[in-house]
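S.K.: Pasting the sequence and the predicted model now:
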Amino acid sequence: MADSSTTISQTPAAQVSYVSARHPGFKYIITRALIYLILISGALFIFIPLAWTLSTSLKTEAQTLAYPPTWIPNPIQWRNYPDALTARPFDRYYMNTFIITILSVIGQVLSSSLVAYGFARFRFPGRNLLFMVVLSTLMIPFHLLIIPRFILFRYLGWLDTLLPLIVPNFFGGAFSIFLMRQYFQTIPLELDEAAKIDGANPWQTFWQILLPLAKPALGAVAVFEFMEAWQDFLGPLIYLSSDRNYTVSVGLAAFRNDYFTAWHLYMAAAAVAMVVPLIVFFLAQRYFISGVALTGSGGSKG
Amino acid sequence: MMKLPKLMFLTALLVALVAFTGCGAPAAAPSTGEQSGDSAAQAPADEQATIKWFLRWDQNRVDNVAKPLIERFQEEHPNVTVELENIGSSADYYTKLQTTVAGGTAPDVFYPATHIAYALASKGAILPIDDYIARDNIDLSQYEPAVLDLYTIDGKVYCLPLDRAALVVFYNKKMFDEAGVAYPQEGWTWDDFLATAQALTKDFDGDGQIDQFGVDQFRDYWPMVVWSNTGHGLFDDIRHPTKFLGNEPEVINSIQWVADLMLKYQVMPTDEQRADISDLFAAQKAAMQVVGHWRIPLYLGTEGLEFDFAPLPIGKFGEPVNRADGSCFAISAQTKYPDIAWEFVKFLAAPGAEGVNMLLNLNVMTPALEEFQQDERFLNPESLPGSNKAAFLAGKEHLFTMYDPIHPMYAAFDAAWKQELGEVWIGAATAEEAMARLSQQVEEMLANLQDYE
């Protein structure tokens, strides 16, 4: 440290940055190497559960009990996958999960952006108070809402249908509304005014001007909602009661009970359930990250 | 900004209010609701009735007992359809049960464990069945008294017990033979148990890693060691607790002894050593396992595993003790068809019941009914020739419940002991320190007991 600082202090500051950009110095390489080391070990650390899932999904039942636990299955038992997926009607579960997820994403994106448009672009009495009410719903723990919501859906006659898992998304979500509103506020108001001069009504402004510009935010909302709907367990567990309506997450739980867990089948089914969100994540990574950057805290929902 | 907390408070209050009235409604008036139109609400013989049965069994029991039972019941009652919903994991099961009870769509017949049955019954969610018991002359003396007592509040029975969760020591005969250790004998003590476990803990390859443990982990059953050393539970009165007995030296010693099995003697694996292996006895890496009847099918299915049962070791109390808990079949207070639900419960768990009868063949439970405890299929099942099944009946004279006290404060107590003893199990605190802290918290609970009711 002391040596390098003395050499640097002898050269003009401007030149230092120029030189180090052209010819990476020793210090630069070390910093880079350290960063990569941290990133790689972080990635490995995160990869461990995934690898364990895959490893266990290929073991025989006896091997899942092996002590000390082994990483490499021997023999590799591919049969776990067909066994696990036919143990319960997983085709049916997947269909239900897809229906719920796709409709939830559409509902969430449409309604939240519309509500956010209102909050971002219109002045009306009580606007801030209303927005605060919307935000404050984020602070009510979900568990407190389980029973009132259950009673509501019972009165509507929606129990044991997919509706309680889909319809609420058409009424917006506080987090998505917040995210969309913040994004709309970054779009210059002059665009709306120009559209107005060209004869556009507010609906056209929203649909033709603002929404196309808000694609990154829409993508983020869609990805967050996708993840949430796909992995939701408590909702389907409570609202659905017949086998034909179950989702993948509830179906997965069937491999676990108080007496014994068939880890090899459980992990095989879990690995398959993981494929879709993984694909979505890789394709939509950009939106995910922009969503996090937009709010500074993506973790609060996902 | 001043308005926000106030607003949130009001919203939360409103939500809580809705939640509470939701809970209270079915309790206050069991048979009201949208179905009150059909008055007595009992289906005539020719009318179709559907009742829902909510279970938390493993797939083996569902396929081999639950489904055939439903078929047979429907044959006898052609106008009745029994719908089965099974959720194997108790945490999920109870989340759903409690939501449906509060939401007014509770299943007609369900299967709660002791402390949940108590909690639901004390809120009025379970239909008391005394009238039916009297009408059909059900002989209650047939049931294990300590277990039946758990399902009785103020002299009223609200649940028919199915099984008792008795514990025994399973032991691997081959490992005992190879180590030259004598099989456990009736009347053995915890000292014998420790010596046996030490003789069976092995590091075969000398790498400093234990390859075979004397006993698989059973620390969640620590109260059992306390009973056997003191002859009492954790509170002076199980239903009306006034005094916590957890700070007695003998209780503290018993807990420390359980921790020492892991930390000092290293005959029982720690969490770290255990990784996520669900059963070291089935993996044939532990010579003994302290667990109940429900594990037998797994062990029978494990190739090359030869095992037998020994009664629990005896402690300073000097008498065999065991666990009184079990599960029961309850009828929802919200049911539209109480008579049919009762017929079904009777079919499942009354003396001579078809349900218990079929379950005996599966070897998954110790029956709560005395007649079935003496049944040859229980004592000498074909799948376990010559084995000491009587070990499950040892300690019947002194049964204690794990869910002590049977009082709504149990949930708070449960969270507190898990927190404090968690430190003991990893060696971060001694049992004495942890129990001192726990006593302090429990005294506060006991002083404000009405808050939990």
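M.R.: Nice, thanks for sending it over. On a predicted model such as this, the values are computed, not experimentally measured, just so you know.

S.K.: Tally up the residues packed near A:Ala194, please.
M.R.: 13 (other Cβ atoms under 10 Å in any protein chain shown). (Each C-beta comes from the backbone N, C-alpha and C, glycine too.)

S.K.: Apologies, that question was intended for A:Leu211.
M.R.: Neighbour count of A:Leu211, defined by other Cβ under 10 Å: 19.

S.K.: Can you give me the separation between it and chain B?
M.R.: 31 Å (Cβ to the nearest Cβ, to the nearest Å).

S.K.: these two touch, right, that residue and A:Leu218?
M.R.: Yes. In this structure, A:Leu211 is within contact of A:Leu218 by Cβ atoms under 8 Å, at 7.3 Å.

S.K.: Quick check: neighbours shared by those two?
M.R.: Listed as contacting both A:Leu211 and A:Leu218 by Cβ atoms under 8 Å, 6 or more residues apart in numbering or on different chains are A:Ser113.

S.K.: Could I get the contacting residues of the residue of chain B found nearest chain A?
M.R.: Across chain B, no residue is closer to chain A than B:Gly88, which sits at 2.8 Å (Cβ to the nearest Cβ). The neighbourhood of B:Gly88, defined by Cβ under 8 Å, 6+ apart, consists of A:253-254, A:256-258, B:56-59.

S.K.: Among those residues, which pair sits farthest apart?
M.R.: Greatest spatial distance among these (Cβ to Cβ): A:Ala253 and B:Trp57, at 13.9 Å.

S.K.: Between the two, tell me which one has more neighbours.
M.R.: Remark: of A:Ala253 and B:Trp57, B:Trp57 carries more neighbours, 24 against 19, as counted by other Cβ under 10 Å.

S.K.: Excluding chain neighbours, give the residue nearest to the residue in the stretch 151-300 of chain A positioned nearest to chain B in space.
M.R.: Taking Cβ to the nearest Cβ as the measure, the stretch 151-300 of chain A has A:Asn257 as its residue closest to chain B, at 2.8 Å. The shortest distance from A:Asn257 to any non-neighbouring residue, by Cβ to Cβ, 6 or more residues apart in numbering or on different chains, is to B:Gly88 (2.8 Å).

S.K.: Three-state assignment for the one you found, please.
M.R.: coil (DSSP: H, G, I helix; E, B strand; the rest coil).

S.K.: B:Gln289: which element?
M.R.: Taking DSSP states H and E as the definition, B:Gln289 sits inside strand B:286-292.

S.K.: phi, psi of the closest residue to A:Ala262 other than its chain neighbours?
M.R.: Nearest non-adjacent residue to A:Ala262, counting by Cβ to Cβ, 6+ apart: A:Phe255, 5.1 Å away. Dihedral pair for A:Phe255: phi -80, psi -10, per degrees, to the nearest 10.

S.K.: correct me, but A:Phe255 touches A:His264?
M.R.: No. Using Cβ under 8 Å, A:Phe255 makes no contact with A:His264, being 9.2 Å away.

S.K.: Next to chain B, which bits of the stretch 101-250 of chain A? Give me the list.
M.R.: Residues of the stretch 101-250 of chain A lying close to chain B (Cβ under 8 Å from any Cβ of the partner chain) are A:129, A:132-133, A:136-137, A:139-140, A:144-148, A:150-151, A:154, A:159, A:234, A:237-238, A:241-242.

S.K.: Once you drop chain neighbours, what's closest to B:Asn388?
M.R.: B:Phe309 is the one closest to B:Asn388 (Cβ to Cβ, 6+ apart), at 4.9 Å.

S.K.: got the contact list for the one you found?
M.R.: B:Phe309 neighbours (Cβ under 8 Å, 6+ apart): B:168-171, B:387-389, B:391-392.

S.K.: Need the mean per-residue confidence for stretch A:238-247.
M.R.: Averaging pLDDT along stretch A:238-247 gives 91.

S.K.: Low-confidence regions, chain A specifically.
M.R.: Along chain A, segments meeting pLDDT under 70 span A:1-24, A:259, A:291-302.

S.K.: and with 50 instead?
M.R.: Within chain A, the segments meeting pLDDT under 50 span A:1-20, A:297-302.

S.K.: In the stretch 1-150 of chain B, where is pLDDT below threshold?
M.R.: Within the stretch 1-150 of chain B, the segments meeting pLDDT under 50 span B:1-43.

S.K.: What are the boundaries of the helices in it?
M.R.: Counting by DSSP state H, counting those that start in this stretch, the stretch 1-150 of chain B has helices at residues B:3-28, B:59-61, B:67-76, B:90-103, B:114-122, B:130-135, B:145-150.

S.K.: Quick one: list the elements packing against the third one.
M.R.: Pointing back at helix B:67-76 there. Applying 3 or more Cβ pairs under 8 Å, 6 or more residues apart in numbering or on different chains; DSSP states H and E, one finds that helix B:67-76 contacts strand B:80-86, helix B:338-349, helix B:354-360.

S.K.: Kindly calculate the angle that it makes with strand B:80-86.
M.R.: 170 degrees (axes from the mean of the first three to the mean of the last three Cα atoms, to 10 degrees).

S.K.: B:Ala431 and B:Asn322: what is the separation?
M.R.: According to Cβ to Cβ, to the nearest Å, B:Ala431 stands 23 Å off from B:Asn322.

S.K.: For those two, indicate the residue with more neighbours.
M.R.: Higher neighbour count among B:Ala431 and B:Asn322: B:Asn322, with 27 against 24, using other Cβ under 10 Å.
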